[in-house]
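Asks: below is the sequence, then the predicted model.
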Amino acid sequence: MTTIAVDCMGGDHGPQVTLPACRHFLDTHADASLILVGLPDQVGGFSHPRATVVTASEVVTMDDPLEIALRRKKDSSMRVAVQQVKDGKAQAAVSAGNTGALMAISRYLLKTVDGIERPAIAGQIPNATGGATTVLDLGANVDCSAEHLLQFAVMGAALVSVLNNKEAPTVGLLNIGEEVIKGNDVIKKAGELLRSAAKTGDLNFVGNVEGNDIFKGVVDIVVCDGFVGNVALKTSEGLASMFGTFLKAEFSRNIFTKMAAIAAYSVLNAFKSRFDHRRYNGAALLGLRGLVFKSHGSADALSFGNALNRAYDAARNNLLDRVQVRIAHAAPLLVSADSLQ
């Protein structure tokens, strides 16, 4: 039985989204159970044979400063959910709440894996192949050293190998060009470290990739700092939203555009579905001594359900152990990289 702790209060919509998603998840996963964490008057009425309700008296809001979330709201639904993982009562935690607060609380309670200095957020961006490119970091670390990017690559490779069943997923370093000489000093040094990791068999590093390669699906994993990664994520979400708005406009403009849109509806709808971010919701907080997944704050029930699915797959396939194995194998390289700082 795989048990997942859910922060039911997090996100823009809270229980009105998380509870229906949890019920559907339980109905479709006979080997899973959930620990639902939230305010008693909002989650206390939820009933299912494989669900346990744990109450919390506080909620971390989307605009709470880290000091408030971490130091003052010690009985928040977010913190109590992560505590379930620390106590061994759940194999993973899922929250749609404040990203910075979730990372700070998770890092404080769970600590980082040996060999990893900074946890990273790894999420998927839909690509033209019909699948998705895993990108990290997506916002946890705005400023990164070359050593951090190497650690991200090792963790990302473990994640994709587990969730996508690829033993040696391809890794690319996000840069302004494919040539080795391109980029700033941090990127150039990161390239050297990643090439060294490829020689030792720790990574399947294929070289530099550019921003458009994320959407082409040229590699399985793209490594970058959190500032660039978050911009790429928000850009892709904006494009998907713009396309949806465009479809609605074309259907309502005039009789000719309506006829053309209807004729092309199946193709356009398939395209929209392929790039629907809801299919890939659920970013992993990698580098911690426990599994934590971040759902998009504006997620609907379908999207939040997919975040639960990703946490379930990660826990069932022992992602935590496999990340630690990869890090242990790459330890000599990580240690030598740290010594160069």
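Replies: Perfect, thanks for sending it. Numbering: from 1, shown residues only.

Asks: ok, L194 - contacts?
Replies: L149, L150, A153, V171, L173, L203, F205, V223 (Cβ atoms under 8 Å, 6 or more residues apart in numbering). In short, each C-beta sits where N, CA and C put it, glycine included.

Asks: turn these into a markdown table, columns for neighbour count and distance to N317.
Replies: Output for these, formatted as a markdown table (neighbours: other Cβ atoms under 10 Å; distance: Cβ to Cβ, whole Å):
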| residue | neighbour count | distance to N317 |
| --- | --- | --- |
| L149 | 26 | 25 |
| L150 | 28 | 24 |
| A153 | 28 | 20 |
| V171 | 26 | 20 |
| L173 | 28 | 26 |
| L203 | 27 | 20 |
| F205 | 24 | 23 |
| V223 | 33 | 22 |
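
Asks: and for the residue nearest to L66 when sequence neighbours are not counted, the neighbour number?
Replies: Spatial nearest neighbour of L66, excluding adjacent residues (Cβ to Cβ, 6 or more residues apart in numbering): A104 at 5.0 Å. Neighbour count of A104, defined by other Cβ atoms under 10 Å: 17.

Asks: what packs against the host helix or strand of A104?
Replies: For A104, the host element (DSSP states H and E) is helix 99-110. Counting contacts by 3 or more Cβ pairs under 8 Å, 6 or more residues apart in numbering; DSSP states H and E, helix 99-110 packs against helix 66-67, helix 77-86, strand 283-286, strand 291-294.

Asks: does anything pack onto the first one? Which helices or strands?
Replies: Secondary-structure packing of helix 66-67 (3+ Cβ pairs under 8 Å, 6+ apart): helix 99-110.

Asks: from what I see, the residue nearest to L66 and A69 are in contact.
Replies: Yes - with contact defined as Cβ atoms under 8 Å, A104 reaches A69; the gap is 6.6 Å.

Asks: before we move on, the earlier item: ok, the residue nearest to L66 - contacts?
Replies: A104 neighbours (Cβ under 8 Å, 6+ apart): L66, A69, L70.

Asks: and the second one, how many neighbours?
Replies: In this case it means A69. Neighbour number of A69 under other Cβ under 10 Å is 23.

Asks: secondary structure class for it?
Replies: When classified by DSSP: H, G, I helix; E, B strand; the rest coil, A69 comes out as helix.

Asks: name the nearest residue to it, ignoring sequence neighbours.
Replies: A69 sits nearest to A101 (Cβ to Cβ, 6+ apart), 3.6 Å away.

Asks: could you tell me how many residues sit around the one you found?
Replies: Around A101 there are 26 residues (other Cβ under 10 Å).

Asks: ok, now how distant is it from K73?
Replies: In this view, A101 and K73 are 9 Å apart by Cβ to Cβ, to the nearest Å.

Asks: so what's in contact with these two at the same time?
Replies: By Cβ under 8 Å, 6+ apart, the residues touching both A101 and K73 are V60, D64.
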